[in-house]
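1. Okay, predicted coordinates and the sequence, questions at the end:
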Amino acid sequence: MSLGTNISRLRAEKRLSQGDLAEVLEVSRQSVSKWETDSSVPDLNRLMKLSQLFGVTLDELVTGAEPPVKVETPPVMVSPSMPGRKIAGIILFCMAFLAFLIPTGLGGSSSA
């Protein structure tokens, strides 16, 4: 879709005449007509005003592309009982148990 087609479509959706739009943008009606027929292109300031007036992004105005749909992902909740913590706890418990068991076993086996 061309810029001129987009301006014409968006203007019609807002129920504005070319004269109404020209008045808002402080240009002549002929300028709006030339934009809509792609005979000329509005300057950047006017493009920005058009996008604000029509409630679209500059990209949407110029290309006619629909805005991408934003998909919100829910935040990740971290559980305090994560499997990694459980494994680390089990390993530490086993090491402490072995640290207690080895000296006891070595001390008891060497009787004279």
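-> In hand now; what should we look at? None of the values given here were measured: they were computed from a predicted structure.

2. Check which residues of stretch 26-46 are buried.
-> Within stretch 26-46, the residues that count as buried by 16 or more other Cβ atoms under 10 Å are 27, 31, 32, 33, 34, 35, 36, 42, 46. C-beta here means a position set from N, CA and C on the backbone, and glycine is covered the same way.

3. in which helix or strand would I find residue 85?
-> helix 83-109 (DSSP states H and E).

4. Ok, residue 35 next?
-> Per DSSP H and E: helix 29-36 holds residue 35.

5. Give me the average confidence score over that helix.
-> Over the span of helix 29-36, the pLDDT mean works out to 95.

6. what packs against it?
-> helix 3-13, helix 18-25 (3 or more Cβ pairs under 8 Å, 6 or more residues apart in numbering; DSSP states H and E).

7. Which among these is found nearest to residue 74?
-> helix 3-13 (34.6 Å; Cβ to Cβ).

8. If you rank every helix and strand of the chain by mean pLDDT, what lands last?
-> helix 83-109 (a mean of 77; mean pLDDT, DSSP states H and E).

9. Next secondary structure after the helix holding residue 35?
-> helix 44-54.

10. and the most centrally placed residue in the chain, how far is that from residue 10?
-> By Cα atoms, centre = their mean, the chain has its centre lying nearest to residue 70, at 5.9 Å. Separation of residue 70 from residue 10 (Cβ to Cβ, to the nearest Å) stands at 22 Å.
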